[in-house]
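Asks: Predicted model and sequence below, questions to follow.
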Amino acid sequence: MPADNDVKNTSSQTDNIVFRKPESQDGSRVHTLISECKPLDENSVYCNLLQCTHFADTSVAAEMDGDLVGFISGYIPPKQQNVLFVWQVAVHEKARGKGLAKRMLAELLQREESADVQFIETTITPDNEASWGMFRSFAYQRSMPTEEFILFDSRIHFAGEHNDEYLLRIGPFNRDEA
């Protein structure tokens with residue numbers, strides 16, 4: 001992992017939000033953030049530690065005045081090098097209304113590690129209107145096509161204990177407009 005001074009931090013002058021790659025020390029902070037962003041599914045702190053270390057290049061942490069207010073975990077599937085799979089998006093209530101989720105997505109796409117990415121994929125439950133709205137708005141603003149279908153069926157994959165998970169695929173897109 002690069003030294004702290006080698007990590008690219010970007011910020012917006014208007015709201016003092018800084019974007020950066022997560023680090024191992026962020027694991028418990030991410031866990032707390034996600035627990036405060038209902039109805040997001042909570043994972044173990046260990047899972048969040050892996051997201052902040054193994055998947056740091058395809059995840060983004062957003063801080064405002066030193067507080068972690070946003071996090072996207074993602075990865076590039078080994079057999080789909082042109083896909084950024086977005087696992088989870090969390091935005092704390094005090095940072096909502098600033099377009100933070102879309103700004104974090106754009107930050108991920110601008111990274112060198114995403115140079116070959118032509119599609120964004122994520123799964124969303126049918127009732128998660130905020131996620132549907134954010135991802136569709138992101139695609140619409142960039143004139144990117146979308147498609148969706150059930151990836152994980154409630155009955156088959158979750159024994160009826162969880163809602164269906166729809167795969168939303170955005171792209172392909174022009175790298176210059178991401």
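Replies: Everything's here; your move. Worth saying up front: this structure is predicted, and the values here are computed from it rather than measured.
Asks: Figure out how far the one helix or strand residue 90 maps to is from the centre of its chain.
Replies: Element membership for residue 90 (DSSP states H and E) is strand 83-91. When distances are taken as Cα atoms, centre = their mean, to the nearest Å, strand 83-91 is centred 3 Å away from the chain's centroid.
Asks: That strand: which residues count as buried?
Replies: Buried positions in strand 83-91, judged by neighbour count with 16 or more other Cβ atoms under 10 Å: 83-91. C-beta here means a position set from N, CA and C on the backbone, and glycine is covered the same way.
Asks: so after the lowest-mean-pLDDT helix or strand in the chain, what's the next helix or strand?
Replies: Every helix and strand of the chain was ranked by mean pLDDT, DSSP states H and E. The lowest is strand 10-11, at a mean of 51. Following strand 10-11 in sequence order, the next helix or strand is strand 17-20 (DSSP H and E).
Asks: How much space separates the closest residue to residue 45 other than its chain neighbours from residue 62?
Replies: Excluding the flanking residues, the one nearest residue 45 by Cβ to Cβ, 6 or more residues apart in numbering is residue 31, at 4.7 Å. Taking Cβ to Cβ, to the nearest Å as the measure, residue 31 falls 16 Å from residue 62.
Asks: again with residue 72
Replies: Distance of residue 72 to residue 62, given as Cβ to Cβ: 8 Å.
Asks: which secondary structure element contains the most centrally placed residue in the chain?
Replies: Nearest to the centroid of the C-alpha atoms of the chain, with distances taken as Cα atoms, centre = their mean, sits residue 72, at 2.9 Å. Using DSSP H and E, residue 72 sits in strand 67-75.
Asks: Name the strands paired with that strand and say parallel or antiparallel.
Replies: strand 60-64 (antiparallel), strand 83-91 (antiparallel) (DSSP bridges).
Asks: and residue 157, what does it touch?
Replies: The neighbours of residue 157, taking Cβ atoms under 8 Å, 6 or more residues apart in numbering as the test, are residue 165.
Asks: As a check, name the ranges of all helices in this protein.
Replies: 27-35, 45-53, 100-110, 129-141, 154-158 (DSSP state H).
Asks: Kindly format the C-alpha coordinates of the shortest one as CSV.
Replies: Only the C-alpha atoms of helix 154-158 are listed here, as CSV (Å, rounded to 0.1, in the frame of the first residue of the first chain):
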residue,chain,number,x,y,z
SER,A,154,-35.6,-14.5,-2.7
ARG,A,155,-36.9,-18.1,-2.7
ILE,A,156,-33.9,-19.8,-4.5
HIS,A,157,-31.0,-18.0,-3.0
PHE,A,158,-32.2,-16.6,0.3
